[in-house]
Each structure stands twice: as C-alpha cells, then as structure tokens.
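1. test case, fold it:
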Amino acid sequence: MHLDVQDLRDFYYRTQLGRVAQRAIRDQLTRLWTPAPGQTVAGFGFAVPLLRPWLSEARRVIGLMPGPQGVMPWPAGMPNVSVLCEDTAWPVPTGLVDRLALMHGLETSEQPSAVLEEAHRVLGPGGRAVFVVPNRSGLWARRDGTPFGYGRPYSGAQLEAQLRRHGFTPERSVTVLHAPPSQAPFWLRTADLWEGLGRRLPWLSGGVLMVEATKQVYAPTRGGLKAVVTRPLKVLEGVRGGSAEPAMNQVPHRRGGRPGPAG
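-> As a prediction, the model looks like this:
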C-alpha cells in the first residue's frame, strides 16, 4: 500500500540520506529531460522532489498525490501545486501532460494497472514518462529504512513488459543510488562518486531503476480506393502489344450470313 506522506516528507527533506537520494534521482531526470518552457509537467506518487527544476520553466507543474498516501502543500513558500487524487482517476484532462514522473506511486499501489492506464491517458502526443521504482537486484529494495524498501521491486524486464502491456514504448533504462542505503558518513560523502561510477559502469547495479517510456500512438487504418484497388486499371493496356486491335479496325459480320462484298 502507499506510504504515508509525512514519512516520505521526513525522509527526503529531513534526513541526509534522503537529500542525497533526492539529488541523485533528480539529477538523472534532468539528464533525460532538459527543462524547457511551455511544457506541462506532472508527477504522481511522491514525485514532487524531482520537479523543482521545472517550476521556473514549465507552463504548469502538477503534483498528484494518491489518497491513501495523503497530500502536503508543495513547494514551500510558493503557490501550491499539489492535489489529492485516486489511483484510478487523476484530475487532469486527457492528453494534457508533456512530461510525467512517477515515484512511490506504481510499486506501492494496489491497482498498478489503473495507475498505468491513467498515466497513458494524461500523456499527450509525443509525451514522455519516467517510472522510478525499487530495483529488484539492488540493496535499497532490501532495507526497510528507506521508502524504496516498501512495495513491489521490479527488474528492468518486468517493468518494461508491464509498460508495453499498457501502451508504452520503453526508450531508455538507467539505475541510480549506487551507494548503499547507509547513514554512515563515508557513504554519504562519497555518494556522488558512486553515482558517477554507476553511469560509466553499466554492470554496477543501483538501488533504483528509472525507465523512460513514450506513449504509443497507432496510425489509423487507411481506407478508400487505395486499400481496395491493389492493381490500377490501365486504360490502353494491350493496344501496343499487337494481341488486341482497336474496335474501329475490325470489319463487322452481318447477322446470319457471310460478309458482304466491299463497296
């Protein structure tokens, strides 16, 4: 089930490990998506820590927080953009969103298919989504001291298969949080070093999986004459071949007898 919003807030904003995790995931997201003006950017679950770079650039930013989790005002000291919603019904018009980030929203939901259906619905043509989930083979999914220790962890293949079943095309997959989920000063000080190593060494598995996907848009089936007539009619076909003569050069026969003499 969804985590409590107070626990999520305390982890990301009041612990050093949470701030390190927030920075690593947000930095990776901005590598995937450069903030650009005119976009509508949304986050579902507890994705608001990732959306701050878009506050000054995007046309609008929306923080969607599921009812069982609870909602908190965000960002602090600015007009609130957070809204409470259900997994099965987001208060966002169809096709409005250009960029969508999900964190602590998919793996903790009791209705993951409904979450993916809503994500697909709100994305517009050319829209992109990033799904941030615990990595099944990482250390963070095995520790209860962080939010990534709750819910269903995924492997890359599992998540991509689920996305395809709901109309998404996976484009890129990366892992983050390559340092262990430890409050020890050594690991906190060297977290940026481990993130850099993880980007250069694909086999170094991180604790969190990030999959970027696009919305599949199917082209309509083309109808009309082109679909029916596979071989167009050639009006003068056979005229030049010698096997068929124009009707004007043929001598008509009289009905019931021999041809008459030429006049």
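2. from now on I want contacts and neighbour counts done on CA atoms only, so please keep to that.
-> Fine.
3. for Arg52, see how far away Ala58 is.
-> 10 Å (Cα to Cα, to the nearest Å).
4. can you check Ala179 too?
-> From Ala179 to Arg52 the distance is 24 Å (Cα to Cα).
5. out of these two, which sits in the busier spot?
-> Using other Cα atoms under 10 Å, the more surrounded residue of Ala179 and Arg52 is Ala179, with 21 against 14.
6. from what I see, the more buried one and Phe186 are in contact.
-> No: with contact defined as Cα atoms under 8 Å, Ala179 does not reach Phe186; the gap is 10.2 Å.
7. ends of stretch 76-93, how far apart?
-> 26 Å.
8. quick check: buried residues in that stretch?
-> By 16 or more other Cα atoms under 10 Å, the buried positions in stretch 76-93 come out as Val81, Ser82, Val83, Leu84, Cys85, Asp87, Trp90, Val92.
9. between all of those residues, which two are separated the most?
-> Pairwise distances across these (Cα to Cα) peak at 17.9 Å, for the pair Val81 and Asp87.
10. so the closest residue to Pro147 other than its chain neighbours, which state does it fall into?
-> In this structure, Pro147 finds its nearest non-sequential neighbour in Leu8, 7.0 Å apart by Cα to Cα, 6 or more residues apart in numbering. Recorded secondary structure, Leu8: helix (DSSP: H, G, I helix; E, B strand; the rest coil).
11. what about Ala161, neighbour count?
-> By other Cα under 10 Å, neighbour count at Ala161 equals 13.
12. next SSE after the helix or strand encompassing it?
-> Here Ala161, judged by DSSP states H and E, is contained in helix 156-165. Moving toward the C-terminus from helix 156-165, the next helix or strand (DSSP H and E) is strand 168-176.
13. what lies in contact with the helix or strand following that next one?
-> Elements were assigned by DSSP H and E; along the chain past strand 168-176, the next helix or strand is helix 185-189. Helix 185-189 is touched from outside by Gln16, Leu17, Val20, Ala179, Pro180, Ser182, with contacts defined as Cα atoms under 8 Å, 6 or more residues apart in numbering.
14. pretty sure the second one is touching Gln183, no?
-> This points to Leu17. Yes: with contact defined as Cα under 8 Å, Leu17 reaches Gln183; the gap is 6.0 Å.
15. which of the two has more residues huddled nearby?
-> Neighbour count, other Cα under 10 Å: between Leu17 and Gln183, Leu17 has more, with 21 against 12.
16. looking at this, the more buried one is in a helix?
-> Yes: under three-state DSSP, Leu17 falls within a helix.
17. run the angle between the helix holding Ala161 and strand 168-176 for me.
-> 150 degrees (axes from the mean of the first three to the mean of the last three Cα atoms, to 10 degrees).
18. now helix 156-165: average pLDDT?
-> On average, the pLDDT along helix 156-165 is 96.
19. what packs against that helix?
-> Other helices and strands packing on helix 156-165, by 3 or more Cα pairs under 8 Å, 6 or more residues apart in numbering; DSSP states H and E, are strand 168-176, strand 208-215.
20. quick one, which of the ones you listed is packed in tightest?
-> Mean neighbours per residue, mean count of other Cα atoms under 10 Å, is largest over these for strand 208-215, with a mean of 23.
21. angle of that strand against helix 156-165?
-> Going by the same axes, to 10 degrees, strand 208-215 makes 20 degrees with helix 156-165.
22. any idea how far strand 208-215 is from the middle of the chain?
-> On the basis of Cα atoms, centre = their mean, to the nearest Å, strand 208-215 sits 6 Å off its chain's mean C-alpha point.
23. also stretch 195-213?
-> The answer for stretch 195-213 is 18 Å, by Cα atoms, centre = their mean.
24. just the C-alphas of that stretch, formatted as CSV.
-> The C-alpha trace of stretch 195-213 is given here as CSV (Å, rounded to 0.1, in the frame of the first residue of the first chain):
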residue,chain,number,x,y,z
GLU,A,195,26.8,7.8,-8.9
GLY,A,196,29.5,8.8,-11.4
LEU,A,197,30.9,5.3,-11.4
GLY,A,198,27.4,3.8,-11.9
ARG,A,199,26.9,5.9,-15.1
ARG,A,200,30.2,4.7,-16.6
LEU,A,201,29.9,1.1,-15.5
PRO,A,202,26.5,-0.4,-16.7
TRP,A,203,27.1,-3.6,-14.8
LEU,A,204,27.2,-1.7,-11.4
SER,A,205,23.6,-2.2,-10.3
GLY,A,206,21.9,0.7,-8.5
GLY,A,207,19.2,0.6,-5.9
VAL,A,208,16.6,2.4,-8.0
LEU,A,209,15.5,1.7,-11.6
MET,A,210,14.4,4.5,-13.9
VAL,A,211,12.7,3.7,-17.2
GLU,A,212,11.8,6.3,-19.7
ALA,A,213,8.9,5.5,-22.0
